[in-house]
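Undergrad: got a sequence here, can you build the structure:
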Amino acid sequence: MRSDIVKKGHNRAPHRSLFRATGLKDEDFEKPFIGVANSFIEIIPGHFFLNKVSEIIKDEIKKAGCVPFEFNTIGVDDGIAMGHDGMLFSLPSREIIANSIETVMNAHKLDAMIAIPNCDKIVPGMIMGALRVNVPTVFVSGGPMAKGYTKDGEPIDLATAFEAVGKFEAGEITEEELTDIECNACPSGGSCSGMFTANSMNTLMEAMGIALPGNGTILALTKEREELYRKAARRVCEIALMGEEKSSLYNVRNILNENAIRNAFAVDMAMGGSSNTVLHMLAIAKEAEVDFNLKDINSISKRVSHIAKISPSLSTVHMQDIDSAGGVPAVMHEMNKRGDDILIDNLTITGESVKERISGAEIKDTNIIHTIDNPYSDVGGLAILYGNLAEQGAVIKTAGITGDRVFTGTAVCFNSQDECIKGIINGKVKAGNVVVIRYEGPKGGPGMQEMLAPTSLIMGMGLGASVALITDGRFSGATRGASIGHVSPEAAEGGMIGLLEDGDEIHIDVDEYILQVNISEEEVAKRKANFKPIVKPLSSKWLKQYRALVTNASSGAILSAD
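TA: Numbering: from 1, shown residues only. Have a look, this model is predicted:
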C-alpha cells in the first residue's frame, strides 16, 4: 500500500506512535488509509452540513475495513462575496484548495481519497488537487438545494433574488415583494438549485465518471442523498482493498483523461451549464496533461443538441426536476442518439464504462429533458467567440440569451464592476448599448470577479433583450442574457478590450462565433501607442502573489511560475 511508507517497518515506530495518539490500534496498520477531503464551512449553504456528511462517510469506510482520515479545505461563497472586493478572493481560492489536497494527501501518503465538495470553486479545486496526487478518488458532492417558492407559489431561486434587486430599483416590485423573494429563494441547505456553477460542475463529475450517478441531481439533506454518500464510501474502500497494483487502474488520471474531458464538455453543451465550467475544465485539462483548448469547444458544440434547459435559462426548471426526469444518465443516453460517438466510452470510478452506465437510462418527462428530435437548439448551450476584441477567445452561455443571437451596439465602458453598477443604476446604460466591464480579469481584478450584480440589474430593469455585456471578468452561473465573459487577452495585459472607447460599434454574432469592434487598423494602432494599462493598488499579500503568477482565462486562469 502507498501508506506503508509511513506505517511499516521498525524505523516507522515514531510514525506509528503518532498514529496511535489519534486512536489507531495494531490491526489498523494493515488497513488502507483513506483521505476524507471535506469542504465543510458554516458560511456556505451548500457546506454547513458537510460535517455530518463526513461522519456518515467515515462510518461506512470503517465498516468496509478501511481507516478514514478527515481533513478540510477552505471555501468561499460566491453569492455572499458578490458585489464587493470579497469576490477578488473567490477564483484564487481554487488554487489554495488544490494545493491543500496535494499537500495533505502527499505529506501523509494516504492510499485513496473520497472528496466532498459542493459549491463554487471548491469542486474544480478538489479535482485539480486530486489529479496531482493521482490515487483512486471518489467524488460525492453535498447535493443541490431545493427550489424555493414565493407566497404566490411561483418557483424561485438565488438568480431571482439578484434580479429582484434590479426590479426594485426600476420600481417594478415593492419592498414587500423583494422581502418575500429574499426569504424564500434559498429554502434549505445545498448548492443553489439551478444550473449555476456548482451544479454544473457536480453534473460534469458524473459525465467524467469520477462521481456516482445522481451526484449532480439528488437533493441535499434527503435519504436518497445519504445512500449516495454511503455507496461512494463503500466504493472507495472496494478499490483500496484491491491492493495497489489493481487499485491503480482507478487512479484519477486513468479515469479523468482526454475522453472524460470531451464527454464533460459534451454534457455541458447538452445541459447549458455555467460559463465558468469553461474556465475550470480548461484548468482541469491542464492538470490532467490533456491537450485541449478553447477552439475544441465549438467543434463539440456543433455536434451536440441542447436538450435540457434549467434555471437561470428556464426559471421554472431546477435540479430536482432534472432528477425526477431521469437525471444526468437520461440526458447522456438521449444526447448520444444523435451519433454513437457523441460520448466516448471510458472507464468510470464505479467500474463500468460510460456507455454501460447510461445504457438503461430513459427520459421520464420530455417536458423537462427534451428529446434530440425536439431540442431547444441544434447546437450546444455554450460558445467561444473570436475576433479583434477576443483574439484568444471569449465565452458566452448561449442557453441564457434572451434577445437576438446577432447584436450590434455602441460601447459604454467601465473600468470596474463597481463603476458599472453605479452607471446602470444612474441610467447611463440604454437599449442598444454594449456594456464593457474591464480590468476585472485574472490579473486586472485580480481574481476575475463574477458579474452577477450588473447582469441581474440589466435583466431586472427590463434591458435584457436590448443590451449586451462583455467583460474580461466572468459570470455567475446564475447569469443570463447576452453576457460575454473571459475576454482574452484581458485589459491588464494590453488586450483590445482595454482600448475601447464610449461609442465604438461592437458586433456580436453567436452563430458565427464573432466578437468584433468596428474600428480601423489605423485607429487601433493610434490607441495602442498611447495605451497604458490601469494597475489597481493591492494591500493583500496573497492577491499580489496571485496577480504575479496567474495566466489569462484562455488557459483556465491557472498559476504559472514560467
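
Undergrad: quick check, I34 in a strand?
TA: Yes. The secondary structure assignment for I34 places it in a strand, going by DSSP: H, G, I helix; E, B strand; the rest coil.

Undergrad: tell me who's in contact with it.
TA: With contacts defined as C-beta atoms under 8 Å, 6 or more residues apart in numbering, the neighbours of I34 are 61, 66-69, 110-114, 236-237, 240. To be clear about C-beta, it is placed using only N, CA and C from the backbone, and glycine gets the same treatment.

Undergrad: got it, and I57?
TA: Residues V36, P68, I114, I116, V140, Y229, R230, A232, A233 are the ones in contact with I57 under the rule C-beta under 8 Å, 6+ apart.

Undergrad: check which helix or strand N106 maps to.
TA: Assignment of secondary structure by DSSP states H and E places N106 within helix 90-108.

Undergrad: and the helix or strand following that helix with helix 90-108, angle?
TA: Secondary structure here is assigned by DSSP H and E; on that basis, the next helix or strand after helix 90-108 toward the C-terminus is strand 112-116. Between strand 112-116 and helix 90-108, the angle formed by their directions is 150 degrees, by axes from the mean of the first three to the mean of the last three C-alpha atoms, to 10 degrees.

Undergrad: what strands line up against strand 112-116, and which way round?
TA: strand 33-38 (parallel), strand 137-139 (parallel) (DSSP bridges).

Undergrad: of all those strands, which lies closest to D26?
TA: Nearest of these to D26, taken as C-beta to C-beta: strand 33-38 at 14.9 Å.

Undergrad: how about that closest one as PDB, C-alpha atoms only?
TA: Taking Å, rounded to 0.1, in the frame of the first residue of the first chain, the C-alpha atoms of strand 33-38 are listed here in PDB:
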ATOM      1  CA  PHE A  33      -5.700   4.700   4.800                       C
ATOM      2  CA  ILE A  34      -8.400   6.800   3.200                       C
ATOM      3  CA  GLY A  35      -8.300  10.600   3.000                       C
ATOM      4  CA  VAL A  36     -11.700  12.200   3.500                       C
ATOM      5  CA  ALA A  37     -11.300  15.600   2.000                       C
ATOM      6  CA  ASN A  38     -14.200  17.700   3.300                       C
END
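
Undergrad: against I56, how distant is the residue nearest to N254 when sequence neighbours are not counted?
TA: With C-beta to C-beta, 6 or more residues apart in numbering as the measure, L347 is the residue that lies nearest to N254, at 6.7 Å, once sequence neighbours are left out. L347 sits 27 Å away from I56 when distances are taken as C-beta to C-beta, to the nearest Å.

Undergrad: if you count what's nearby, which of the two comes out ahead?
TA: Counted by other C-beta atoms under 10 Å, L347 and I56 do not tie: L347 has more neighbours, with 18 against 15.

Undergrad: pretty sure S247 is touching A240, no?
TA: Yes. With contact taken as C-beta atoms under 8 Å, S247 and A240 are classed as touching, separated by 5.8 Å.

Undergrad: starting at the chain centroid, how far to the helix holding N106?
TA: Using C-alpha atoms, centre = their mean, to the nearest Å, the distance from the centre of helix 90-108 to the centre of the chain it belongs to is 17 Å.

Undergrad: and it, what does it pack against?
TA: Packed against helix 90-108, as judged by 3 or more C-beta pairs under 8 Å, 6 or more residues apart in numbering; DSSP states H and E, are the following elements: strand 33-38, strand 67-72, strand 112-116, helix 122-133, helix 276-287, helix 541-549.
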